[in-house]
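*Asks:* Provide a 3D model corresponding to the input given below.
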Amino acid sequence: MTTPQLHAIILSAGAGRRLGFPKALLKLHGKLMLPIVCQAFKAAGCQHLSVVIRAEHEDLFLESGLTARELVINPSPEDGRTSSLLCALQRVSTEHNLLIHSCDTPLISSDAILQLITQWLAVSAPAQTIARLCSPGGKGGHPLLVGSELVPQLKKFSADQPLRDLFINNAEALLNVTRTGDPGPFLGINTVEQLALVENLLDDA
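*Replies:* Sure thing, here's the model as predicted:
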């Protein structure tokens, strides 16, 4: 069996207005999380990585161990998340399957990503399938895995078009992968209060 080409896109150019600082600079207990998130995708077997950031953060992430080839600058991050995705899609080849993840969900693990990939590969037509992790209660999480034959639809999105339109237009192609005993894929951090909650959860663990 041919190994699928997996291209992870980490969206990290958000201003983080509710959080009070850009989401790419998110730290848990003083540790910068974006490089750790990137490592989880590499450990899960992603051969390609594109990390979309704001221009002013380039030097910081080069110093943190990411490479210039992995970093993608969004020149207009105020245009929103889809604009960042479109910047990264310029590097995506026709054979690439996408894993799309937001840096404000920092506790994603390589094990969770591997579970998503494994169950996506088990379907009859993975290239035509969208897969996501879900909690036992049905809450959708991250990352989102998009088969290569659906990627051209994303490339036609406008900068202000929500990513959920991909679900709406391809409802029959959606695969929900239940993830138990792991809150990581479902813990987004958008406010200072949520950051404190996650840090408390880590302390309790």
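*Asks:* in which helix or strand would I find the spatially most central residue of the chain?
*Replies:* Taking CA atoms, centre = their mean, the centroid of the chain lies closest to His101, which sits 0.6 Å from it. In the assignment (DSSP states H and E), His101 maps to strand 96-102.
*Asks:* now swap in Asn176 and tell me
*Replies:* Using DSSP H and E, Asn176 maps to strand 174-178.
*Asks:* list the helices and strands that strand packs on?
*Replies:* Secondary-structure packing of strand 174-178 (3 or more CB pairs under 8 Å, 6 or more residues apart in numbering; DSSP states H and E): helix 110-121, strand 130-134. (Each C-beta comes from the backbone N, C-alpha and C, glycine too.)
*Asks:* quick one: the helices in this structure?
*Replies:* Assigned helices in the chain, in chain order: 34-43, 58-63, 81-89, 110-121, 151-155, 164-169, 192-204 (criterion: DSSP state H).
*Asks:* Take those helices and lay them out in TSV including mean pLDDT, distance to Gly20 and mean neighbour count.
*Replies:* Shown next, in TSV, are these (pLDDT from 0 to 100; distance: least, CB to CB, whole Å; neighbours: other CB atoms under 10 Å):
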stretch	mean pLDDT	distance to Gly20	mean neighbour count
helix 34-43	97	17	19
helix 58-63	96	18	13
helix 81-89	97	19	22
helix 110-121	98	28	18
helix 151-155	97	30	15
helix 164-169	94	26	13
helix 192-204	87	6	12
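*Asks:* Relative to Leu144, tell me which of the ones you listed wins on proximity.
*Replies:* Closest approach to Leu144 among the helices of the chain is made by helix 164-169 (8.2 Å; CB to CB).
*Asks:* tell me what that closest one is packed against?
*Replies:* The helices and strands touching helix 164-169, judged by 3+ CB pairs under 8 Å, 6+ apart, are helix 151-155.
*Asks:* just to revisit the earlier point, do I have it right that the residue nearest to the centre of the chain meets Val37?
*Replies:* Yes: the pair His101 / Val37 is scored as a contact, 7.0 Å apart, by CB atoms under 8 Å.
*Asks:* what touches both of those two?
*Replies:* The overlap between the contact sets of His101 and Val37 (CB atoms under 8 Å, 6 or more residues apart in numbering) consists of Ile10, Ile108.
*Asks:* nearest spatial neighbour of Ile100, skipping sequence neighbours?
*Replies:* Leu144 (4.6 Å; CB to CB, 6 or more residues apart in numbering).
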